[in-house]
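Asks: Could you look at this predicted model? Sequence included:
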Amino acid sequence: MHEMALAEGVREIVDETARSSGAGRVAAVRLEIGRLAQVEIEALRFAFDVVKRGSLADSARLEIVEVDGTAWCMCCCEPVVIAGHGEACPKCAHYQLQVTGGDRMRVLEIEIE
Amino acid sequence: MCMTCGCGHDEAHVEGAEHSHPHADGAAHSHAHGAADPGWHTHADGTTHRHAVVPAHAHAHEHQAHEHEHAHDHDHDHEHRGDLHFGHGPAGAAAPGMTQARMVRVERDILAVNDAIAQRNRGWLEKRGIFALNLVSSPGSGKTTLLVRTIERLAGLLPVAVIEGDQQTTFDAERIRATGAPALQINTGKGCHLDAAMVETALHRLAPADDSVLMIENVGNLVCPAGFDLGEAHKVVVLSVTEGEDKPLKYPDMFHAAALMLLNKVDLLPHLSFDVERCVANARRVHPAIEIIEISATSGEGMGDWLRWIERGAHAARERRLEREKALAQAGRLDVLERAARATDSGARERAAGG
């Protein structure tokens, strides 16, 4: 359940941004979550629903943009899309992969009123 | 091509043209493209899709609750300047005197705060030549026993300090302190992992000696600690042969994050059907470059390899500290020389002016 700690991180970023923008409330929060970012999306949604109470984002809806994991295949010498760590290269079925993207978690934007 | 709104590959949009589309059902439809990772967006109905966009283009995009087919695959050619679009709020258009939602771009890493503290910890440790390891595993893999044996074997060779992470109790720190090594317990309460701020607090309280080894024993959990950088040099994952050879595949994130896997309790192999080769292959599948040491804290097998691995790391950390101090001293001497030269110059000028 490290999603609870992540949700608290989201709330802090959202609250700080909303306050510095002079917002009365936050209507929506949009996150970008990489498929390799070790996050259980449903757990994060649940955790955010809990931690947002009493904050400017109290009634905010959460939108999550998932981003594919990408890796460099050392056998094919080209970038490929992978579903997770330990997945084979979809082209050559080998595991010599170096992750290049899709392992981040970001607050993209918030909608304020 | 968006089947709903009709914006397509070849459709040029010019700045100022509203990209908001009222649909037959009355729902407004607007778009948001972040410049840093353009193209991705999600709709209220959960659909996520991507379209290639021109850099330096940002506008709000959102579907109000309504049902429709999404076949978006549109390249946008229009030129926006990345400013806020007040015309893309829920109302779909800006109306004087009316308040409406506006989008604020944030683009901040959720773990940015933790990562910044972790970097601070890393700098603090490097400055002191301390080699820090973050030990992770499931509960019951034998981490603490392994740690106790490691400290005993390193006695007189390398000073070791320990930060112990558990939800409750100080049992583990007490076991470590019994070896004579300084240890500090962090109880995370309901927390499932250590974070960089907890370690920062512990570092200052524990104050490990220069050129020592710091072992951070994380909460027994193969999931959550993977994503939290503490400022360590490496994560070391401990997997015991009583756990099953598929664990690297079941918990790939942790094995991907670790530099070294200690396959522990190998003295029990004769009594188990554990397939070492398969376990090693699984770990390498998740992390091709992972180092692996087969070890037993009980029989002492593999302890030599593990101790040498630690000594190499500790030696490198000490060398980096010495180099850094040398460079600083050098810079300091140069600074002194430069100041002396400037003083001589200005003295000469004053004498010349006075003469």
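Replies: In hand now; what should we look at? Numbering: from 1, shown residues only, chains lettered A, B, ... in the order given.
Asks: For A:Arg104, give me its contacts.
Replies: Listed by Cβ atoms under 8 Å, 6 or more residues apart in numbering or on different chains, the contact set of A:Arg104 reads A:Glu32, A:Gly34, A:Ala37, A:Val67, B:Asp109. Yep, even glycine has a C-beta here, placed from its N, CA and C like the rest.
Asks: distance of B:Arg312 from B:Gly191?
Replies: Here B:Arg312 is placed at a distance of 33 Å from B:Gly191 (Cβ to Cβ, to the nearest Å).
Asks: who has more neighbours, the two?
Replies: Applying other Cβ atoms under 10 Å in any protein chain shown to B:Arg312 and B:Gly191 shows that B:Gly191 carries more neighbours, namely 19 against 11.
Asks: Now do the helices in chain A.
Replies: Listed in chain order, the helices of chain A (DSSP state H) span A:3-20, A:41-51.
Asks: now for the first one, which elements pack on it?
Replies: Pointing back at helix A:3-20 there. Counting contacts by 3 or more Cβ pairs under 8 Å, 6 or more residues apart in numbering or on different chains; DSSP states H and E, helix A:3-20 packs against strand A:26-34, helix A:41-51, strand A:105-112, strand B:102-109, helix B:112-127.
Asks: Output that helix as CSV, nothing but the C-alphas.
Replies: This file holds the C-alpha atoms of helix A:3-20, laid out as CSV (Å, rounded to 0.1, in the frame of the first residue of the first chain):
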residue,chain,number,x,y,z
GLU,A,3,-0.1,4.0,-3.0
MET,A,4,-1.2,5.9,0.2
ALA,A,5,2.2,7.6,0.4
LEU,A,6,2.0,8.4,-3.4
ALA,A,7,-1.5,9.8,-2.9
GLU,A,8,-0.3,12.0,-0.2
GLY,A,9,2.5,13.2,-2.5
VAL,A,10,-0.2,14.0,-5.1
ARG,A,11,-2.3,15.9,-2.6
GLU,A,12,0.7,18.0,-1.5
ILE,A,13,1.6,18.9,-5.1
VAL,A,14,-2.1,19.7,-6.0
ASP,A,15,-2.7,21.8,-2.8
GLU,A,16,0.5,23.8,-3.3
THR,A,17,-0.3,24.4,-7.0
ALA,A,18,-3.9,25.3,-6.3
ARG,A,19,-3.0,27.7,-3.5
SER,A,20,-0.4,29.5,-5.5
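Asks: buried sites along it?
Replies: A:3-15, A:17-18 (16 or more other Cβ atoms under 10 Å in any protein chain shown).
Asks: Quick one: mean pLDDT for that helix?
Replies: Mean per-residue pLDDT for helix A:3-20: 93.
Asks: ditto for the shortest one
Replies: Per-residue pLDDT values over helix A:41-51 give a mean of 94.
Asks: swap in stretch B:248-264?
Replies: Mean pLDDT, stretch B:248-264: 96.
Asks: Ok, stretch B:322-333 next?
Replies: For stretch B:322-333, mean pLDDT is 90.
Asks: Would you mark the buried spots in stretch A:58-68?
Replies: By neighbour count on 16+ other Cβ under 10 Å, the buried set for stretch A:58-68 is A:Ala60, A:Leu62, A:Glu63, A:Ile64, A:Val65, A:Glu66, A:Val67.
Asks: and the stretch 101-250 of chain B, which of its residues are near chain A?
Replies: Counting by Cβ under 8 Å from any Cβ of the partner chain, the stretch 101-250 of chain B comes close to chain A at B:101-114, B:191-193, B:195, B:223-228, B:248-249.
Asks: which SS state does the most centrally placed residue in chain B fall under?
Replies: Centrality entry for chain B: nearest residue to the mean C-alpha point is B:Asp229, 4.2 Å, by Cα atoms, centre = their mean. At B:Asp229 the chain is in coil, as set by DSSP: H, G, I helix; E, B strand; the rest coil.
Asks: Kindly state the pLDDT recorded for it?
Replies: 96.
Asks: Isn't it up against B:Ala118?
Replies: Yes: contact criterion Cβ atoms under 8 Å: B:Asp229 and B:Ala118 qualify, at 3.8 Å.
Asks: any common contacting residues for those two?
Replies: With Cβ under 8 Å, 6+ apart, B:Asp229 and B:Ala118 have common neighbours B:Ala196.
Asks: give the contact list for the closest residue to B:Ala259 other than its chain neighbours.
Replies: Once flanking residues are discounted, B:Ala259 sits nearest to B:His234: 4.0 Å by Cβ to Cβ, 6 or more residues apart in numbering or on different chains. Applying Cβ under 8 Å, 6+ apart, we find B:His234 in contact with B:Leu133, B:Asn134, B:Ala258, B:Ala259, B:Leu260, B:Gly313.
Asks: The strand or helix carrying B:Leu203 relative to helix B:112-127, how many degrees between them?
Replies: B:Leu203 belongs to helix B:196-206 when assigned by DSSP states H and E. Angle, helix B:196-206 to helix B:112-127, by axes from the mean of the first three to the mean of the last three Cα atoms, to 10 degrees: 30 degrees.
Asks: so for helix B:196-206, what's the average pLDDT?
Replies: On average, helix B:196-206 scores 95.
Asks: So which elements touch it?
Replies: Counting by 3+ Cβ pairs under 8 Å, 6+ apart, helix B:196-206 packs on helix B:112-127, strand B:160-166, strand B:183-187.
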